[in-house]
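Chemist: Sequence and predicted model, in that order:
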There are 2 protein chains.
Amino acid sequence: MFTFPLVNTCSSLGIGLAGFGTVGSGVWNTLERNGDLITDRTGGEISLHVARILVRDPAKTRAITSEVPAGIFTTEWRALVADPAVAIVVELIGGTTDAFDLVAAALRAKKPVVTGNKTLLAERGGELFALSKEHRTPIHFEAAVAGGIPIIRTVQDSFIGNRIHSFSGIINGTSNFILGRMTEAGLTFEAALAEAQSLGYAEADPTLDVNGWDAAHKAILLATLAYGFPIDPAAIHVSGIQQVRQADIAFANNLGYVIKLLAVIREHPDRAVEIRIQPSFIAKSHILASVHGVFNAVAVHGDAIGEALFFGRGAGQDPTASSVVADLVEAARSLRQVDGHRGFLPYCESGKFLPVGDTSTAYYVRFDVTDRPGVIAEIARVLADHRIGISGTHSPVNPSNPDAEFVDMIFLLHTCPFGKLQCALAQIETLDCVNSTPVVFRIEALA
Amino acid sequence: MFTFPLVNTCSSLGIGLAGFGTVGSGVWNTLERNGDLITDRTGGEISLHVARILVRDPAKTRAITSEVPAGIFTTEWRALVADPAVAIVVELIGGTTDAFDLVAAALRAKKPVVTGNKTLLAERGGELFALSKEHRTPIHFEAAVAGGIPIIRTVQDSFIGNRIHSFSGIINGTSNFILGRMTEAGLTFEAALAEAQSLGYAEADPTLDVNGWDAAHKAILLATLAYGFPIDPAAIHVSGIQQVRQADIAFANNLGYVIKLLAVIREHPDRAVEIRIQPSFIAKSHILASVHGVFNAVAVHGDAIGEALFFGRGAGQDPTASSVVADLVEAARSLRQVDGHRGFLPYCESGKFLPVGDTSTAYYVRFDVTDRPGVIAEIARVLADHRIGISGTHSPVNPSNPDAEFVDMIFLLHTCPFGKLQCALAQIETLDCVNSTPVVFRIEALA
């Protein structure tokens, strides 16, 4: 025998599971498999059971490890929130409309909420966090950022004594998988995306994964935890991986870099916070370059901890369910306490935000040009006028015909404010020889 | 302006700091620097101040960022614990005698304890955890394992819904630094140890760092959290890095490995738990091979999270202080709650333990031999009699004199139970040609 619970006097707390897809089924299975272990680990004080499940179609077959009593299904979210057997509400329906109403109703009913809905919190967190504070009822959202990696609790609790200098994170597994397949197998973006979809790593509509906004929503939540003030999604700079081509990957490789979709959050000495999500060149020797496939990783730099890094599965049924279940235990604890939450967000009314134009890195810029004598001179002249230094230029040469016309012209540029670069690029775009909007990636100097 | 506390109605909680050396000064400095930030982040509900400090010599000069009022020093630990201004006791005096009495007294006085004393908890945790449970007063010990990496809270809270399959960790920074310098700079063990001491990475008496017991104490705490039953230090297998030589490092390198002091904790399908600390060959491509210098890393495998890894500074003033301060906030929260701890240890009365003789890996064995025809045959015969497979043998050759006598004979052995290997080695040690006890390192097949 392995476990002998020392105490086992708890009454079980009912969970209302709103949504019973991949993650919802994972929560059900995890509680079935490890529910007794959780009770043992809490000294017999916390026991959880699913009391009500919101579904669209109760008759649908589901991949779960034990039978769900038919009577606990409902198709009406109001019935789930109002059910006296439901003490904690888990929102897994997604979207920002019904999910908002459901979470708001739960908070008003003083039922703690657990959610993995990063879009809801990034876009409408202001309203929900205000309701949470008004009703002294917590929203837990570990599952919203980086799946099974406990980065939310780490920042909120373990690093509470740290001023957070920066986060650098790979927090969208789909993009990372696609860039990895383009790098390792030489696939085009389109072929790598199709592979991700066939493996179930990308949604039928992969827009938010590849355009950077899934990562941006997560970055907003991390920044809100670290700096405490409300962050307007419209104010942050987001670009995705759709424009990454084999030529870029090969060029990065030759210079000792890999291309990753990187979320960068950084507090500057004057307390202004920079948040941006972009395809970035990072040195192959950096630990983040070793984050492959659908894994996620977040590097954190704090004034007391120095450097730390957290690595794990960023999505998937069981890792995400693990985070939901940990939040359920935390929610259950908060219900047993007089006022037992861990502080509400935001904890500052306002903060300073560094406009993306003022953020500085080195850059890789690819121009789509018409090859004729003078192209490099014309582009270089505009850059010089804007006092932007060039560290290299390159156009891919066709080995079998070195005089073939090129169409891509690459410039590596010294560190300068992004706004200055944008001014120069706007002017370059008006040149006859430049055929479309230049593609810009950051070259990150990571610690 | 950056921070506008939304609420600020708390009364401040007094801390009794027992010990004011490196970590104690770090706690003082962190609270000075970030105390207001902590209060903001808790919605104004938690404020901490140092009410009493236990020191040997109040007159000693200390490296702290603000003046300590002389009146708060005491040289008598009983005065600190009994002081009504002290609500939480931080034990940083080290050792297992006075520290034990102090922690026990604090628990009896229902004052939560924060400690970084892994030796105390690994060796006398049974008694202290029983007192903690009896008096419903928590012991927090994030600082005891891996400095600034929040692995304790992660296992205890974030992974509460996971059955933990394994930990593989580099959890002694001093050993890791020494092995790194031997590998990168070709230093002898003695020279690398001297360098670690001159840099302040190793104590004047580095015994527990190099003999593996510092890592073992941390492994005991991790296993206690994951499996919940009391673990007798005498039952676990510990070997240190004193026997690692340049020849071993070079041989590992040629095979694609690096040598790391690895703590392995693993639950087998029958629930028996394996715990061992040994110098181990790990593949250069594994992420743990990239953990350099005094950094620590713990890889965790759980049934829901899959694989995860946590990396950061394993020691040092500020990272350790960060963990103490996070525990202080947790302790402060528990004081505001009716019964607000997170469950007591152990949570099972007993568990199964896999004897080290039953643990299996492949092995690297170095014999100190007298070179004469027949040496390899004699050793190989004994191994064959015990049905242990040999995957390779090697003796370093002197390029300028290939017929010079060798003294080291290396065998690589297929996976077998360690007990079987020990039987064979005991017999080999009696051979005339073998001059001393063979040196054994594990070859780990990490996921």
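Modeler: That came in fine, so what should we check first? Numbering: from 1, shown residues only, chains lettered A, B, ... in the order given.
Chemist: Could you list the low-confidence segments of chain A?
Modeler: Applying pLDDT under 70 to chain A picks out residues A:1-10, A:338-343.
Chemist: Quickly list the domain ranges of it.
Modeler: According to automatic domain parsing, chain A comprises the domains A:12-147+A:318-335, A:151-312, A:357-442.
Chemist: Which parts of the stretch 251-400 of chain A are helices?
Modeler: Along the stretch 251-400 of chain A, counting by DSSP state H, counting those that start in this stretch, helices occupy A:317-335, A:375-385.
Chemist: and the longest one with chain B, contact?
Modeler: Yes - under the criterion of CB under 8 Å from any CB of the partner chain, helix A:317-335 makes contact with chain B via A:318-319, A:321-323, A:325-326, A:329-330, A:333. Bear in mind the C-beta positions are built from the backbone N, C-alpha and C, glycine included.
Chemist: what packs against that helix?
Modeler: Packed against helix A:317-335 by the contact rule (3 or more CB pairs under 8 Å, 6 or more residues apart in numbering or on different chains; DSSP states H and E) you find strand A:12-18, helix A:22-41, strand A:47-54, strand A:88-91, strand A:113-115, strand A:139-140.
Chemist: who wins for proximity to residue A:152 among these?
Modeler: The closest of the helices and strands packed on helix A:317-335 to residue A:152 is strand A:139-140. By CB to CB, the value is 8.2 Å.
Chemist: any residues touching that closest one, and which ones?
Modeler: Outside strand A:139-140, the residues within contact range by CB atoms under 8 Å, 6 or more residues apart in numbering or on different chains are A:103, A:107, A:112-115, A:121, A:128-129, A:132, A:327-328, A:330-331.
Chemist: and after that strand, which helix or strand comes next?
Modeler: Using DSSP states H and E, the helix or strand that follows strand A:139-140 towards the C-terminus is helix A:151-153.
Chemist: about what we covered before: the residues of helix A:317-335 next to chain B into CSV, with extra columns for neighbour count?
Modeler: Converted to CSV, the residues of helix A:317-335 next to chain B look like this (neighbours: other CB atoms under 10 Å in any protein chain shown):
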residue, neighbour count
A:318, 23
A:319, 26
A:321, 29
A:322, 34
A:323, 32
A:325, 29
A:326, 29
A:329, 23
A:330, 25
A:333, 22
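Chemist: Once you drop chain neighbours, what's closest to residue A:111?
Modeler: Leaving aside its sequence neighbours, residue A:111 sits nearest to residue A:89 (CB to CB, 6 or more residues apart in numbering or on different chains; 5.1 Å).
Chemist: same thing with residue A:145?
Modeler: In space, and not counting its chain neighbours, residue A:145 is closest to residue A:218: 4.4 Å by CB to CB, 6+ apart.
Chemist: Please, which helix or strand holds the one you found?
Modeler: Taking DSSP H and E as the criterion, the element that holds residue A:218 is helix A:213-227.
Chemist: same thing with residue A:410?
Modeler: strand A:408-417.
Chemist: what angle sits between the next helix or strand after that strand and helix A:375-385?
Modeler: Counting by DSSP H and E, the next helix or strand C-terminal to strand A:408-417 is helix A:418-429. Here the directions of helix A:418-429 and helix A:375-385 differ by 140 degrees (axes from the mean of the first three to the mean of the last three CA atoms, to 10 degrees).
Chemist: Can you give the contact residues for helix A:418-429?
Modeler: Applying CB under 8 Å, 6+ apart, the external contacts of helix A:418-429 come out as A:237, A:355-361, A:363, A:365, A:367, A:378-379, A:382-383, A:385-388, A:413, A:434, A:436-438, A:440.
Chemist: just the helices in the stretch 101-250 of chain A please.
Modeler: For the stretch 101-250 of chain A, the helices defined by DSSP H, counting those that start in this stretch cover A:118-134, A:151-153, A:173-185, A:189-198, A:207-210, A:213-227, A:246-255.
Chemist: Switch the ones you listed over to TSV; also include mean neighbour count.
Modeler: Shown next, in TSV, are the helices of the stretch 101-250 of chain A (neighbours: other CB under 10 Å):
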stretch	mean neighbour count
helix A:118-134	20
helix A:151-153	24
helix A:173-185	22
helix A:189-198	17
helix A:207-210	19
helix A:213-227	25
helix A:246-255	16
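Chemist: Reformat these into a markdown table and put distance to residue A:310 next to each item.
Modeler: Shown next, in a markdown table, are those (distance: least, CB to CB, whole Å):
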| stretch | distance to residue A:310 |
| --- | --- |
| helix A:118-134 | 17 |
| helix A:151-153 | 6 |
| helix A:173-185 | 14 |
| helix A:189-198 | 23 |
| helix A:207-210 | 21 |
| helix A:213-227 | 11 |
| helix A:246-255 | 25 |
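Chemist: Alright, I will stop here.
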